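> coords please:
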Amino acid sequence: MIALPAGSFTMGSRKGDISEQPAHKVSIDYPFAIGRFEVTVAEWKACHAAGGCKYLPTRKGMTDTSPVYNLSWLDAEQYVKWLSQKTGKQYRLPSEAEWEYAARAGTTSEYWWGDDVGKGRANCKNCGGEWNKKRPAAVDTFAANAFGLQGMNGSVWEWVADCWFDSYRGAPQDGSARGKSNCQSRVLRGGSWRNDPDYARSASRFTYDHDVRYVLNGFRVARAMK
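Down below sits the predicted model:
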């Protein structure tokens, strides 16, 4: 886990997909911690072995150090509940705003390293390098951003806490998750190894129904800081 400071940033994009608009200022006036990496296969296996996670995904090419994937939002919620009970700390999925704040790490560019995806910087389709459209790489494969976080761009889509809305009109500006607790469609961030670079941008967002297990979808955890 990486502890992040309170701060403000511009969320969304002025020129991206309509779902990324309007770009707006978000002020997160509290520190929080977020996983340095996506939750790994090994970590998920521990939850499954303990009875906290009912489903065990098995996909060709999965290793203990790769991000766990083929998960629904409900699966991810099972994991954070188990982890909270196991550790006595309040783990959860990050809000969408917390996720983008963490991914940007103080930058305003399309990716934390610049506006061009470059070559071999992310695990995505047509991103060059060894892992181009093959499968998720080990979670520590790619360089960390200024906050010390790895795999925020590409790899697997990451579930966040928020309900899906088609735009940011009316979105909270305090870092909190948006929507009711029982909504059907939830938000995913970060892109995946099968998606083009555009989906790996810091502002990119996607959605799936909360109970759907899809091969590109994983997550990372967050935790409040006292």
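> For this protein, just list every one of the helices.
41-49, 73-87, 96-104 (DSSP state H).
> what comes up buried for the longest one?
Under the neighbour-count criterion of 16 or more other CB atoms under 10 Å, helix 73-87 has Trp73, Leu74, Asp75, Ala76, Glu77, Gln78, Tyr79, Val80, Trp82, Leu83, Ser84 buried. Quick note: C-beta positions are derived from backbone N, CA and C, even for glycine.
> could you pull out the strands for the protein?
All strands of the chain, identified by DSSP state E, fall at 2-4, 7-11, 24-28, 32-34, 91-92, 157-163, 185-189, 205-209, 217-219, 222-224.
> so Cys183 sits right up against Trp164, yeah?
Yes. Cys183 is within contact range of Trp164, at 7.3 Å (criterion: CB atoms under 8 Å).
> who's more crowded, those two?
Ranked by neighbour count (other CB atoms under 10 Å), Cys183 and Trp164 place Trp164 first, with 20 against 15.
> how far away is that one from Ile28?
21 Å (CB to CB, to the nearest Å).
> One more: Ser109?
Noted for Ser109: a distance of 20 Å to Ile28, by CB to CB.
> One more: Ser181?
21 Å.
> can you pull up the bridge partners for the residue nearest to the spatial centre of the chain?
Nearest residue to the geometric centre of the chain (CA atoms, centre = their mean): Glu158, 3.3 Å. On the basis of DSSP bridges, Glu158 is bridged to Arg189, Gly218.
> that older thread, looking at Ser109 and Ile28, which one has more neighbours?
Per other CB under 10 Å, whichever of Ser109 and Ile28 has more neighbours is Ile28, with 21 against 12.
> quick one: contacts for that one?
The neighbours of Ile28, taking CB atoms under 8 Å, 6 or more residues apart in numbering as the test, are Ala6, Gly7, Ser8, Ala97, Glu98, Tyr101, Asp174, Gly175.
> Does the fourth one touch Ser176 like I think?
Yes. Using CB under 8 Å, Ala97 makes contact with Ser176 at a distance of 7.3 Å.
> Looking only at neighbour counts, state which of these two leads.
Between Ala97 and Ser176, counting by other CB under 10 Å, Ala97 is the more crowded of the two (27 against 15).
> Give me the pLDDT value at the more buried one.
According to the prediction, Ala97 has pLDDT 98.
> how about it, what does it touch?
Contacts of Ala97 (CB under 8 Å, 6+ apart): Met11, Val26, Ile28, Ala171, Pro172, Gly175, Ser176, Ala177.
> From Gly179, how far off is it?
12 Å.
> Also Asn153?
25 Å.
> So these two - more neighbours on which side?
Set Asn153 next to Gly179 and count neighbours by other CB under 10 Å: Asn153 wins out with 27 against 17.
> how far away is Asn126 from Val215?
19 Å.
> burial measure for Asn126, as a count.
12.
> Just to confirm, what confidence does the model report for the residue nearest to it when sequence neighbours are not counted?
With sequence-adjacent residues excluded and distances taken as CB to CB, 6 or more residues apart in numbering, Asn126 is closest to Asp196, at 5.9 Å. You'll see Asp196 listed with a pLDDT of 95.
> residues in contact with Asp196?
Counting by CB under 8 Å, 6+ apart, Asp196 touches Cys124, Lys125, Asn126.
> tell me, how many neighbours does the nearest residue to the first one once chain neighbours are set aside end up with?
I take that to be Cys124. In this structure, Cys124 finds its nearest non-sequential neighbour in Gly154, 3.6 Å apart by CB to CB, 6+ apart. By the measure other CB under 10 Å, the count of residues near Gly154 is 27.
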